[in-house]
Each structure stands twice: as C-alpha cells, then as structure tokens.
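Asks: The following comprises the amino acid sequence and a computationally predicted model.
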Amino acid sequence: MMISSENVLNRLLKPLCSRDNHVMKYERGGSSASTAYLASYRCGSAGCSVRYNSTAGYYMLIGTSGHAYAVDEPGVNTMMCPIHGRWLYRRKSIDAEPRVRWFCGVEDCHYGY
C-alpha cells in the first residue's frame, strides 16, 4: 500500500465514511494504532477503523497498538481521478441536488463524478 504525503492530501476535504456516512476527520500524522501511516482522514464513530487518503483510497486499520495492518475497504475503491490517478472519495454534493458524489482528493482538482 502506498502512503499519502501531506502535499498530496487536501486537508479541507470532507470525505464521508464508506460505512456510516459520517464526515471523516483529518489526521496529520500516525494513527493511535500505528505511526507508519501518514496524513489520512479517519472515521470518528466508535469502533470504526475506516480511513481514507488519495493514494490508498478507503481502507481499515486492523490489529493492535503499534502493529496495525491496512486492509482495503471491500467494494469501495472503484474509481480513480483520470487526471491524477488518485482514488476518489465520497462527499455530499454542494450543488442543488442533495446526494453523495465522488471527488478527487488532490489539492485544486475539481474532478467529480
């Protein structure tokens, strides 16, 4: 799995968790489960280990403190940005239609599906 760097991940995204649609929170450095993972968004729901970054897409951290493993979130990472080759993330649409859409996580990219 590739690790996202801070200059690739836009801190202002509001990705939705693939499991419960909660807005995920930006985490700059290593997680509480593992310091090997850099800049990502994590779900804040109790017991949910789903994360997102633009190079790995949606994934889960499974394991114990200091020994966590990243596992792809099943059935979620299906679309990449054709411009940057990064995984798209889910967010609420900001247009007139209330719905969930897919967007690129690279800073200043406005690609959406």
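Replies: Sure, I can see it.
Asks: Tell me who's in contact with the spatially most central residue of the chain.
Replies: The chain has Tyr52 as the residue nearest its centroid, 1.6 Å off, counting by Cα atoms, centre = their mean. Going by Cβ atoms under 8 Å, 6 or more residues apart in numbering, Tyr52 touches Pro15, Met24, Ser40, Tyr41, Tyr58, Tyr59, Trp87, Tyr89, Gly105. Glycine gets a C-beta too; all of them are placed from N, C-alpha and C.
Asks: Is Thr27 in contact with Cys43, as I believe?
Replies: One correction, residue 27 is Glu, not Thr. No - taking contacts as Cβ atoms under 8 Å, Glu27 lies outside contact range of Cys43: 10.7 Å.
Asks: Quick check: neighbours shared by those two?
Replies: Both Glu27 and Cys43 are contacted by Arg51, under the criterion Cβ under 8 Å, 6+ apart.
Asks: Give the residue from these two that has the larger number of neighbours.
Replies: For Glu27 versus Cys43, neighbours defined as other Cβ atoms under 10 Å are more numerous around Cys43 (24 against 16).
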